[in-house]
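[1] kindly generate the corresponding structure for this input.
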Amino acid sequence: MSQDLAKRKAAEAALKYVVQGEMLGVGTGSTVNHFIDLLAERHFDIQAAVSSSEASTQRLLKHGFKVIELNSAGPLSVYVDGADESNYQLQLIKGGGAALTREKIIAGASKTFVCIADESKLVKTLGKFPLPVEVIPMARSFVARELVKLGGRPVLRENVVTDNGNPIIDVHDLQIAQPLALETAINAIPGVVTVGLFAHRPADRLILGSPDGVREVMPS
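    Numbering: from 1, shown residues only. Below you'll find the predicted structure:
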């Protein structure tokens, strides 16, 4: 099974969590693209979608789905999104697609967060994937210096601006043994919009596509 097919299998397995006739939170990324396409192929009747990025919004609209702002939606029952890494507690690193802030907001507003990924994303310790941090432009250098103090090696993501108009710093060389504490520490740095560490609001379900099919992981 190719990685792309594994992602599609994970996305397909998440369809069981979609509630027909209700609003649905939809994330960003290659696995979510499969999920959006499958929603259309299977003719799911959702009231509207709340999207975490302009890219996902355009894909949803292309398939004929209504997309609304979270402010108009209220609490969501289900949010489906991918991840760059997950540990066995379903704490995540997200933001490879530069949508981390909106993803974190929608995840926080959702009762159930279903994460879909291929099996390579499940790790014992977070940090091999560089940790994204969205920052206010004027604070970029200051935030980078503070991230060095926390043990990371910050690298500006070149030629990338988020949908919020901000740059992203990717923090390399971290082994994140205490995700909750690190998320709190980075978010406390003045100028940080948010960090792509989803520890305080982890996923509730992790669906992994693999050569053996699909398996569902609950927090350990």
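[2] who are the packing partners of the longest strand out of those in the chain?
    Within the chain, and with DSSP state E defining each element, the longest strand by residue count is strand 110-118. In terms of contacts (3 or more CB pairs under 8 Å, 6 or more residues apart in numbering; DSSP states H and E), strand 110-118 is packed against helix 3-13, helix 30-41, strand 76-81, strand 205-210. Heads up, the C-betas are built off the backbone N, CA and C, glycines and all.
[3] can you tell me which of the ones you listed is nearest to residue 96?
    Of all the helices and strands packed on strand 110-118, helix 30-41 sits nearest to residue 96, with 9.5 Å by CB to CB.
[4] so how far is the closest one from its chain's centroid?
    Centroid separation for helix 30-41 versus its chain: 15 Å, with CA atoms, centre = their mean, to the nearest Å.
[5] average pLDDT for it?
    In this model, helix 30-41 has a mean pLDDT of 97.
[6] between strand 76-81 and that helix, find me the angle.
    What separates the directions of helix 30-41 and strand 76-81 is an angle of 120 degrees, with axes from the mean of the first three to the mean of the last three CA atoms, to 10 degrees.
[7] neighbours around the spatially closest residue to residue 156 that is not a sequence neighbour, how many?
    Closest residue to residue 156 in three dimensions, ignoring its sequence neighbours and counting by CB to CB, 6 or more residues apart in numbering: residue 169, at 5.8 Å. Residues within reach of residue 169, counting by other CB atoms under 10 Å, total 23.
[8] any idea how far residue 169 lies from residue 44?
    Look at residue 169 and residue 44: by CB to CB, to the nearest Å, they are 37 Å apart.
[9] again, but for residue 211
    Distance check for residue 211 against residue 44: by CB to CB, it reads 28 Å.
[10] any low-confidence regions in the protein?
    Scanning the chain for pLDDT under 70 picks out the ranges 1.
[11] please, where are all the helices along it?
    Taking DSSP state H as the criterion, the chain carries its helices at 3-13, 30-41, 54-62, 70-73, 100-108, 140-149, 179-187.
[12] would you mind putting these into JSON lines with distance to residue 119 alongside?
    Formatted as JSON lines, the helices of the chain follow (distance: least, CB to CB, whole Å):
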{"stretch": "helix 3-13", "distance to residue 119": "7"}
{"stretch": "helix 30-41", "distance to residue 119": "12"}
{"stretch": "helix 54-62", "distance to residue 119": "23"}
{"stretch": "helix 70-73", "distance to residue 119": "31"}
{"stretch": "helix 100-108", "distance to residue 119": "21"}
{"stretch": "helix 140-149", "distance to residue 119": "30"}
{"stretch": "helix 179-187", "distance to residue 119": "20"}
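[13] so of the ones you listed, which one's packed in deepest?
    Greatest average neighbour count among these goes to helix 100-108 (a mean of 23), per mean count of other CB atoms under 10 Å.
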